[in-house]
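Q: need coordinates for the following:
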Amino acid sequence: MGRKLYVGNLSYDVKGQDLEQLFSEHGTVDSASVIMDRDTGRSKGFGFVEMSSDDEARSAISALDGHDFQGRALKVNEAKPKASMGGGGGGGHRGGGGSRGGRW
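A: Modelled structure (predicted):
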């Protein structure tokens with residue numbers, strides 16, 4: 001079990017300090033942040049909280065998953081590592097030549 005928690009279904013008004021205050025009732029909070037949309041500056045409705053121990057993280061999950069916070073039922077679970085963006089694809093220019101103006 002990790003110490004970093006995903007917190008979803010947040011009200012768009014929730015700030016990092018709100019999460020820190022809520023989760024501190026279940027242990028020491030090392031960090032708390034709400035993820036913001038870089039284009040609009042508006043909350044994306046989820047965030048992350050890092051507790052100082054696995055036991056505190058477990059306690060926070062069992063106490064806060066489904067908990068009503070500012071009118072929304074929170075979704076709290078262990079944060080999963082971000083999936084790598086690798087594999088296949090590639091955006092290379094294939095075939096067709098384009099407008100290079102010369103011979104191949």
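Q: which residues in the chain form helices?
A: Taking DSSP state H, the helices of the chain run over residues 16-23, 54-64.
Q: will you turn those into TSV that also has mean pLDDT?
A: Below are those laid out as TSV (pLDDT from 0 to 100):
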stretch	mean pLDDT
helix 16-23	97
helix 54-64	97
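Q: please name the nearest non-neighbouring residue to D30.
A: E50 (4.4 Å; Cβ to Cβ, 6 or more residues apart in numbering). Glycine gets a C-beta too; all of them are placed from N, C-alpha and C.
Q: for that neighbour, what are its contacts?
A: R3, K4, L5, V29, D30, S31, A32 (Cβ atoms under 8 Å, 6 or more residues apart in numbering).
Q: 6 Å instead?
A: R3, K4, D30, S31 (Cβ atoms under 6 Å, 6 or more residues apart in numbering).
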